[in-house]
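*Asks:* this one's sequence-less:
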């Protein structure tokens, strides 16, 4: 049996670590190493990791300064000694047969990567939903198949196929060819990684069986204006990296794929403007100044200028046009109207 490395970035996860680690040490597949990268936690996370390490020698702890989830994963990958690699986030957990099922599927189907399915949990006891794969359900697909771009790559770029790295079991030799995760990217780092990985593999299998529990953590949903601004700039960098990757990758239909990622990034940024308005932690005058600064960013202006408005939800087209023309009074009036509509819809 090959060794499988499970890599967990850990940052201030003391409330969730026990559930996560218990699901790993109790796996039915035993030849594993559990690499926990403590990314500068300021709570009791490191203490909990050490307590578990005393009980299970398969746990490896790397204690480092905070550099973000991407670099934490990179450090774990470099430390790993397994033939195959998978990831788990510290506030989630997996089914007890997850590693065995993914590994056996990978061998049986003779593929480079297996992507499992997932539960979305609102609590440890309550499942809200199960991921849908539709035509990819229990399907092996080769990257040189004529419909691979349409069925896989395009869906990754338009968001219809969630880019959850934690669902993947990957041959290490293939993973290392991607140059790993982009350090400094804090949001949509998985999308960049997926697109790089699809260029380095020959085959992937989509397993319909849910193996991973993704916990919706209300405490992780920061709602400050600074948070939204940081993510906007991050998204602009993501867009640049993915577009550059598309122009250099092995797949055709480059213009169509650039259009898809431009639509998705524009969608997310436009939504952030509305969330900034809803946060109410800035006055209208301060908000106008911040939006002014954002739209004067050449990358953002070009993004909004190049997006095909026909591909965006109608409720986002109006604010984008108002932002580009700096008509903020009308923008805030529109946002106020939209806020009222949202409240009415929630009551139904």
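*Replies:* Received it, and whenever you're ready, just let me know what you need. Treat the numbers as computed from the prediction; the structure is a model and nothing was measured. Numbering: from 1, shown residues only.

*Asks:* Residue 129 is in what secondary structure piece?
*Replies:* strand 127-130 (DSSP states H and E).

*Asks:* And that strand, how far out from the chain middle?
*Replies:* 18 Å (C-alpha atoms, centre = their mean, to the nearest Å).

*Asks:* and it, what does it pack onto?
*Replies:* Packing partners of strand 127-130 (3 or more C-beta pairs under 8 Å, 6 or more residues apart in numbering; DSSP states H and E): strand 113-121. Where C-beta positions appear, they are placed from N, C-alpha and C, glycine not excepted.

*Asks:* just to revisit the earlier point, the strand holding residue 129 pairs with which strands?
*Replies:* strand 113-121 (antiparallel) (DSSP bridges).

*Asks:* Next, please give the residue ranges for the strands of the stretch 101-250 of the chain.
*Replies:* 113-121, 127-130, 139-142, 168-171, 203-215 (DSSP state E, counting those that start in this stretch).

*Asks:* SS state for residue 77?
*Replies:* helix (DSSP: H, G, I helix; E, B strand; the rest coil).

*Asks:* In this structure, which helix is the longest?
*Replies:* Secondary structure of the chain read by DSSP state H shows that its longest helix is helix 254-279.

*Asks:* If you count neighbours, what's buried in the helix or strand following that helix?
*Replies:* Downstream of helix 254-279, the next assigned helix or strand under DSSP H and E is helix 284-295. Neighbour counts over helix 284-295 (16 or more other C-beta atoms under 10 Å) mark 287, 288, 290, 291, 294, 295 as buried.

*Asks:* One more: stretch 268-287?
*Replies:* 268, 269, 270, 272, 273, 274, 276, 277, 279, 282, 287.

*Asks:* Repeat that for stretch 112-128.
*Replies:* 112, 113, 114, 115, 116, 117, 118, 119, 120, 121.

*Asks:* Among the residues you listed, find me the one that's closest to residue 93.
*Replies:* residue 121 (8.8 Å; C-beta to C-beta).

*Asks:* Kindly state the beta-bridge partners for the closest one.
*Replies:* Beta-bridge partners of residue 121, as defined by DSSP bridges: residue 127, residue 215.

*Asks:* So residue 76 sits against residue 61, correct?
*Replies:* No. Applying C-beta atoms under 8 Å as the test, residue 76 and residue 61 come out as separate, 10.7 Å apart.

*Asks:* Quick check on these two: which one has the bigger neighbour count.
*Replies:* residue 76 (24 against 15; other C-beta atoms under 10 Å).

*Asks:* ok, and the closest non-adjacent residue to the more buried one?
*Replies:* residue 7 (3.6 Å; C-beta to C-beta, 6 or more residues apart in numbering).
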